[in-house]
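Participant: I'll drop the sequence and a predicted model, then ask my questions.
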Amino acid sequence: MNEQQQTLWQFMSGQADKLFSQTLQHVGLTFISLILAIAIGLPLGILIARRQKLSGMVLGVAGVLQTIPSIALLGFMIPVLGIGAKPAIVALLIYALLPIIRNTYTGIIGIDLHVKEAARAMGMSKGQILLKVELPLAMPVILAGIRTATVINVGVATLASFIAAGGLGEFIFGGISLNNTNMILAGAIPAALLAIILDALLSLVQKMDVKKLRKALYIFPVVILILGGFYALPSAYGSTLTAGFTPEFMGRQDGDLGLKSTYGLKIHTIVISDAVMYKAAYAKELDVISGYSTDGRLKAFDLKILKDDKNIFPPYYAAPIVRDKALKQFPELEKTLNLLSGKITDSIMTDLNYRTDYLHQQPERVAKDFLISQGLYKASKNRNKGVVRIGSKIFGEQYILAEIYSMLIKGNTDYAVATKTGLGGTKICFDALMNDQIDFYPEYTGTGLLVLLQPDPTIAKEMAHDKEKTYDYVSAEFQRKFKIKWLKPIGFNNSYALMMRQKQSKELNVNSITDLKNYLDKN
Amino acid sequence: MIELKEISKKFGDTQAVKQVSFSVAREETLVLLGTSGCGKTTTLKMINRLIEPDAGQILINNENIIDQNPDVLRKGIGYVMQNIGLFPHYTIAENIALVPKLLKWDQVKIINRTQELIAKLHLTETTLSMYPHELSGGQQQRVGLARALITDPSVLLMDEPFGALDNVTRTSIQKEFKALAELKRKTIVMVTHDVLEAFELADRICLMDKGEVVQIGTPKELLYRPINDFAKSFLASQKLILEFKVTNIQDIWIYLPEETVHHGECETADLSIWEAMELLRNKDRSALYISGANKAIKSINFEQLTKGFNQYQNAQRHE
């Protein structure tokens, strides 16, 4: 499956079913949360317009909620609401609240005082004033708030795929992980169109004259309800266990595709972000997850790696990859980076990851402790003969490696260091390297092979299970294609792995992926 | 009948209204007159409970308003305000029909009454389907009046009803207002800071200052028997016009020329001097025929009118 030669249109029509269901999920998520946000925000807005002393507090709280990064918010939800639709809807609802509350409040406060006085003087009751005067007159402003909230929600709903709630984010983040531009666009374009169309529709409603608006007011909730109904909760199909795979894993030959073709594994699968996957497994929301073999959370959450008895996961040996130009510009760089070669084994890496991920030690401190224990630590020379820019992907291990390299460079050379950590995924990191935004970052042989090079499947298959062959192949191809050099491997192999809770694995007597398949077939 | 008994109201530390008492007889028009901040509007708004007094009692037709549901009370009292306060999202017809709808009148009754009122208030049929912002200020104020009158309430409260209008429009609307038969049957309390307006429309005037009543009386009493320096100075700048307004032909009858015979149209003797002067000026007439008591008719021109008035004034001063 060579997707780079596919046009976007081919990809979209090939995946039409998925695209359609993701779009429906997306619209559904957006509108269910919007309905709830209106149901909560509108009365709250009215309340604080009545009791203005409360307004500062309510708007303040809603404002603070709005500033919580979406991923963090989704993370907070898992212990309480689990994964899937519920936490996603709650998170979206929280983001939609502020514009709705604020605009309801502003709209009502902004009504001409004389009109309100006239309404009272004519003998209208408080309820009549609200329904016949205040809400209709504030409606354009309230609708503007709902419009803002809708657009925000369409955007934030892409993140719902992180916690297995579906939506167009599955394509977007899968595509970023898999370096598949078509996949990214297949998610991003419909999402953008959705935002534009909904915004335009709501602006029409907003511009309608007051008379028509009164009728629209009755139609509006009905339409929202119907759209909200699009969202069917992900249905379980038969299997007793639930798997949570990252978007990247879902689309990879050495991931879900391989599990299906090589093992014939049929398991109810939901798509979820790496950041919350382990926690969800620990909280028994998920039974099987796709993790990394050196992840510290393996230790932290007491998870067991299932043996890959048919060898579908290729080796993922980590090594720094550096632009040739940077090697020329910084002659001492290669020698310095190679100091780490062979120094970090699987168990050392797992331990280092455990210390950052679970004990919450700073990557800086973990890196320093490690270098001291290896006798490699040297205090910074504080020189400034050029700045080496280090990149890292957005997970703990890469942060630690970036810190270790930073200290090695500062201690052993006259260069200064700038770190650009937390680059979203393989594609973002690699693009940064290609575009001269960073000089090097730690990459994995398997990723280099399957994600960045994407060779013919037969070559990939032949290569994939041999550590040396893979390294030699990616080294040569990167040099030829990208003018990028793979330095010596660091030592550990952070390959994909399927994992379960230790306890469950014992209870079900599942130790390998074949065991898992057999168990699923029987139950 | 409206009766206020020692009404007081404080806003924070400011005593807005201090022990105000007055009563308005059935079908009488009482004008609350004073500078801005004198408490006249606060007093007015306490009558339909838009503002609740701190102390004192207000009775309407001998019933204490505090015992009534405020919404019900207000539906029974017409209210016209300076800023009109028409609902911008309602058509003119809907604005006028507001209270009848609240009272659940049937549609035919509402339409008939609306038609009747717009005819009386010189509004055209086409305005009914328009929105308030499409109307001129004068038209809007007529609509505001129609809204207050549609249920034919016996009590009407008016807060600077002509305050937002330009001078020309104000004068003409005041005239129509005065001529409106429907208003003659109502007990009206009106607030204004405009002395001329007060003298034009009031049966009695209640002059207020710093939250207190200074003097209550007919325009003539205020003009000729001011109770203190404040009352005197308040009217001083417009004194002459006011005198023209409060004096009518009947008052100066004996100072006018001898009776004549005339078989055409005649003006009545309750015409004020001011109105007589306007007629002489506007209609470009050299003389007016006035029919007095006992069907006696006198012909007067401008000089005779002013001369008669001056003699009357001199006589008043020597009384």
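Facilitator: Arrived safely. Remember, it's a predicted structure, so these values are computed and weren't measured experimentally. Numbers count the residues shown, from 1 in each chain, chains lettered A, B, ... in the order given.
Participant: Check chain B for the residue nearest chain A and tell me.
Facilitator: B:Gly85 (2.9 Å; C-beta to the nearest C-beta). (C-beta placed from N, C-alpha, C; glycine too.)
Participant: What is the burial count for the residue nearest to that residue when sequence neighbours are not counted?
Facilitator: Leaving aside its sequence neighbours, B:Gly85 sits nearest to A:Ala118 (C-beta to C-beta, 6 or more residues apart in numbering or on different chains; 2.9 Å). Here the count is done by other C-beta atoms under 10 Å in any protein chain shown, and A:Ala118 has 25 residues near it.
Participant: what about A:Ala118, distance to B:Asn95?
Facilitator: Taking C-beta to C-beta, to the nearest Å as the measure, A:Ala118 falls 9 Å from B:Asn95.
Participant: any shared contact partners between the two?
Facilitator: Counting by C-beta atoms under 8 Å, 6 or more residues apart in numbering or on different chains, the common neighbours of A:Ala118 and B:Asn95 are B:Leu86, B:Phe87.
Participant: circling back to that earlier point, contact partners for the residue of chain B closest to chain A?
Facilitator: Applying C-beta under 8 Å, 6+ apart, the residues contacting B:Gly85 are A:Asp112, A:His114, A:Val115, A:Glu117, A:Ala118, A:Ala119, A:Ala121, B:Gly144.
Participant: pretty sure the residue nearest to B:Gly85 is touching B:Met81, no?
Facilitator: Yes. Applying C-beta atoms under 8 Å as the test, A:Ala118 and B:Met81 come out as touching, 6.5 Å apart.
Participant: Model confidence for A:Gly229, exactly?
Facilitator: For A:Gly229, the pLDDT comes out at 63.
Participant: correction: A:Met500
Facilitator: A:Met500 carries a pLDDT value of 91.
Participant: Also B:Tyr255?
Facilitator: 85.
Participant: That one is in contact with B:Gly308, isn't it?
Facilitator: Yes. Contact status for B:Tyr255 versus B:Gly308: in contact at 3.8 Å, counting by C-beta under 8 Å.
Participant: ok, these two, which is more surrounded?
Facilitator: Comparing B:Tyr255 with B:Gly308 by other C-beta under 10 Å, the one with more neighbours is B:Gly308, at 22 against 17.
Participant: which ones are touching the more buried one?
Facilitator: Counted by C-beta under 8 Å, 6+ apart, B:Gly308 has contacts B:Ile252, B:Tyr255, B:Leu256, B:Ile300.
Participant: Just the buried ones out of these, please.
Facilitator: Taking 16 or more other C-beta atoms under 10 Å in any protein chain shown as the criterion, what is buried in these is B:Ile252, B:Tyr255, B:Leu256, B:Ile300.
Participant: which stretches of the stretch 151-300 of chain A form strands?
Facilitator: With strands called from DSSP state E, counting those that start in this stretch, the stretch 151-300 of chain A shows them at A:242-245, A:268-271, A:288-292.
Participant: oh sorry, the question was meant for the stretch 1-150 of chain B
Facilitator: For the stretch 1-150 of chain B, strands defined by DSSP E, counting those that start in this stretch occupy the ranges B:2-11, B:14-24, B:29-33, B:55-60, B:63-64, B:77-81.
Participant: Including distance to chain A, mean pLDDT and mean neighbour count, could these go into TSV?
Facilitator: TSV is the format used below for the strands of the stretch 1-150 of chain B (distance: least, C-beta to the nearest C-beta, whole Å; pLDDT from 0 to 100; neighbours: other C-beta atoms under 10 Å in any protein chain shown):
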stretch	distance to chain A	mean pLDDT	mean neighbour count
strand B:2-11	16	93	18
strand B:14-24	17	92	18
strand B:29-33	17	94	24
strand B:55-60	14	93	16
strand B:63-64	16	92	12
strand B:77-81	4	92	25
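Participant: Now tabulate the ones you listed in CSV and tack on distance to A:Ala16.
Facilitator: Output for the strands of the stretch 1-150 of chain B, formatted as CSV (distance: least, C-beta to C-beta, whole Å):
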stretch, distance to A:Ala16
strand B:2-11, 69
strand B:14-24, 72
strand B:29-33, 76
strand B:55-60, 74
strand B:63-64, 75
strand B:77-81, 63
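Participant: Low-confidence regions, the stretch 201-350 of chain A specifically.
Facilitator: In the predicted model of the stretch 201-350 of chain A, residues A:209-217, A:227-239 satisfy pLDDT under 70.
Participant: how about the helices of it, start to end?
Facilitator: A:210-228, A:247-250, A:256-258, A:274-282, A:296-300, A:324-329, A:333-337, A:346-357 (DSSP state H, counting those that start in this stretch).
Participant: And the contacts of the second one?
Facilitator: Helix A:247-250 is contacted from outside by A:161, A:169-170, A:173-174, A:177-178, A:255-256, A:269, A:271, A:273, A:290, A:425-426, A:496, using C-beta under 8 Å, 6+ apart.
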